[in-house]
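Chemist: Output the structure for:
(one chain, ligands or ions: 3)
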Amino acid sequence: MRRIRPPSQEEHLDRRDFIRAAGRLGLGSLLVAEATVLADCGGSGGSTTTPDASAPGLTNTVTRPPEIGGGTIVASVGSQAIWSGATTPVWTLGGSSPGPTIRIGRGAGFSARIENRLSEPTNVHWHGLASPPEMDGHPSDVIAPGQSRDIAFPIVDRAGTYWYHAHPDGRTARQVYGGMAGFFIVEDGREAALGLPSGEYDVPLVIQDRRTSPDHSLTYAPGPMDLMAGVLGDTVLVNGRPDAVLPVAATLYRLRLLNGSNARVYRLAFADGRSFHVIGTDSGLLERPVPVTHVELGPGERVELLVDLTRDPVGTSMLLQSLAFTVPAGMGGGMMPGMGGGGVAQGAALDVLRLRVERSGPAARVPATLVPYERLDHARAEATQTFILSMGMPPVAGAFTINGRSFDPRRIDVRARRGRLELWEVRNASSEPHPFHVHGASFQLVSRTSGPLGPQDVGWKDTVLSWPGETVTLAIRFEQYAGLYVLHCHNLEHEDAGMMLNLEVS
Ligand code: C2O
Ligand code: CU
Ligand code: CU
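Modeler: Ligands and ions are numbered 1, 2, ... in the order given. Okay, the predicted model is just below:
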């Protein structure tokens, strides 16, 4: 079991100074001083990635990151063509943003070496995977500039769409915003036997909103209101492309959607109102496809869809959008819910991705059943824990708490026992949505006080959105490893501001 290391002076002072100074000076001036132009903050040994899609006329075509099975993954600053006619400095894991897709079979051993060529600490968290605590990318367990870390653990998780991202305490939001995230796809025999769309018809798509700026940079400069709502962009990138277009064949597609945004929630639907099927959520496939016309996706969540384009003529296109929604008022008010300091408000309608049919494709059908999974019987839970998510208001900002506590790397806040089924009640006592995420275990939702569970709420999950005023109840059982993990809000600004607790599994 890993011990809690005393945090380095720098890590520890980060948030405390921030909170103190925020109280003293008013949040605004501090945050402006904190603004980071990614280009200036880089380290040595940057790479340059210029995907072929930057060729004239193709700028908006969605490409797939290269696939790897492990090996050396370098954290560095590079540049990438994102907006037409410009290159943008990006922070990368593995040389591109999104980083290379790690694809590996269940039961295999994953091994990688993370090299930090940034000028600040970083690390990598394997979001959703059962990884041993000392490999998990605990936010206090960072790799110093110029150092590297060897990672090795067996893949025990179900086939599914997981992801990896930078996770150093107090710096996660900035590093992920700069580009440090990628897919981690696990495959297994049961999934393969289903004959789901594969190869070019199986497309991982990470959705991230960003703020456009005249110099085409990804400057991360949160204003005072951004700390409350999280950083919301004005444009949506899909696999690093704005106004993204995915050329497709007229056939059935498996789309693996990841909300890799810092703070934005999407309500995804096609502009023509067509229905599609949800086949998987955070940690793998459901028992059967669920037909829907829209699906909600909070930061950190994944959903897998089957989208039937077999009857769409060549030359037509379908727009995937995020529909407008209203953030419930909740408690702890004083501020308009969803109000941001820039970008487009939480809940505003946004275009996400255009699917453009360019050729005919093979006949295919939606399978009637998928893969059975163990249902946790919440009536047999042996323990109950409650987590109250709350936020302070400016000028006392910084009070981002779970059960009244802001993250302190030296303190253990939550304990769980391996093999014990627990009920966790997650109460949102604030005016913002919070995606609640747990390291080291997956869970299943039992109920939401706001209404029935949605299609994105079924199956094995590791992240769940809780709306203002809502209580979400989940059943959870830690299985694989004992040791130190965290649970936190996956709104990355909230997380960095302390909405995170240490969790010890024994
Ligand atoms: Cu993707 Cu601790 O998070
Ligand atoms: Cu995680
Ligand atoms: Cu939050």
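Chemist: hey, let's count contacts and neighbours off CA atoms from now on
Modeler: Will do.
Chemist: burial count for the residue of the chain found nearest ligand 3?
Modeler: Of all residues in the chain, His434 sits closest to ligand 3, at 3.7 Å by CA to the ion. By the criterion of other CA atoms under 10 Å, His434 has 30 neighbours.
Chemist: where along the chain do the helices fall?
Modeler: Ranges of helices in the chain, per DSSP state H, are 9-25, 27-33, 172-177, 189-192, 224-229, 492-496.
Chemist: average pLDDT for the longest one?
Modeler: Spelled out, that is helix 9-25. Averaging pLDDT along helix 9-25 yields 38.
Chemist: What parts of the protein come near ligand 3?
Modeler: Counting by CA under 5 Å from the ion, the residues of the chain lying close to ligand 3 are 434, 489, 491, 494.
Chemist: Tell me the residues of the stretch 301-450 of the chain that contact ligand 2?
Modeler: His439.
Chemist: Break down the stretch 301-450 of the chain into its strands, ranges please.
Modeler: Remark: strands assigned in the stretch 301-450 of the chain by DSSP state E, counting those that start in this stretch are 302-308, 317-322, 350-360, 383-391, 400-402, 414-416, 422-428, 434-438, 443-448.
Chemist: Please identify which of these is closest to Pro247.
Modeler: Shortest distance between Pro247 and the strands of the stretch 301-450 of the chain, using CA to CA, is found for strand 350-360: 4.9 Å.
Chemist: Quick one: low-confidence residue ranges for the stretch 301-450 of the chain.
Modeler: Across the stretch 301-450 of the chain, residues meeting the criterion (pLDDT under 70) sit at 331-341, 393-398.
Chemist: Ile151 contacts Met135, doesn't it?
Modeler: Yes: at 6.0 Å, Ile151 counts as touching Met135 under the criterion of CA atoms under 8 Å.
Chemist: Would you tell me which residues of the protein are close to ligand 2?
Modeler: 127, 439.
Chemist: For PyMOL, what selects the buried ones among the residues of the chain next to ligand 3?
Modeler: A single PyMOL command selects the buried members of the residues of the chain next to ligand 3 (16 or more other CA atoms under 10 Å):
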select buried, resi 434+489+491+494
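Chemist: could you redo the residues of the chain next to ligand 3 as JSON lines and give each row distance to Ala108?
Modeler: JSON lines is the format used below for the residues of the chain next to ligand 3 (distance: CA to CA, whole Å):
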{"residue": "His434", "distance to Ala108": "34"}
{"residue": "Cys489", "distance to Ala108": "30"}
{"residue": "Asn491", "distance to Ala108": "32"}
{"residue": "His494", "distance to Ala108": "35"}
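Chemist: From the residues of the chain next to ligand 3, pick the one nearest Tyr201.
Modeler: Asn491 (30.8 Å).
Chemist: residues in contact with that closest one?
Modeler: Residues in contact with Asn491 (CA atoms under 8 Å, 6 or more residues apart in numbering) are 230, 262-263, 299, 434-435.
Chemist: Adding distance to Thr463, write these out as JSON lines.
Modeler: Formatted as JSON lines, the contacts of Asn491 follow (distance: CA to CA, whole Å):
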{"residue": "Gly230", "distance to Thr463": "17"}
{"residue": "Asn262", "distance to Thr463": "14"}
{"residue": "Ala263", "distance to Thr463": "13"}
{"residue": "Pro299", "distance to Thr463": "8"}
{"residue": "His434", "distance to Thr463": "10"}
{"residue": "Pro435", "distance to Thr463": "6"}
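Chemist: Surely Val414 touches Leu501?
Modeler: Yes: at 7.2 Å, Val414 counts as touching Leu501 under the criterion of CA under 8 Å.
Chemist: and the closest residue to Leu286 other than its chain neighbours, what are its bridge partners?
Modeler: Computed as CA to CA, 6 or more residues apart in numbering, the closest residue to Leu286 that is not its neighbour in sequence is Gly280, at 5.1 Å. Counting by DSSP bridges, Gly280 forms beta bridges with Leu285, Glu304.
Chemist: pLDDT score for Gly280?
Modeler: Looking at Gly280, its pLDDT stands at 98.
Chemist: hmm, back to that, spit out the residues that contact Ile151 and Met135 alike.
Modeler: By CA under 8 Å, 6+ apart, no residue touches both Ile151 and Met135.
Chemist: Tell me which residue of the stretch 301-450 of the chain lies closest to ligand 2.
Modeler: Going by CA to the ion, ligand 2 is nearest to His439 of the stretch 301-450 of the chain, at 4.7 Å.
Chemist: Name all residues that make contact with the residue nearest in space to the middle of the chain.
Modeler: Residue closest to the average C-alpha location in the chain (CA atoms, centre = their mean): Gly300, at 2.6 Å. By CA under 8 Å, 6+ apart, the contact set of Gly300 is 258-261, 435, 437, 463, 490.
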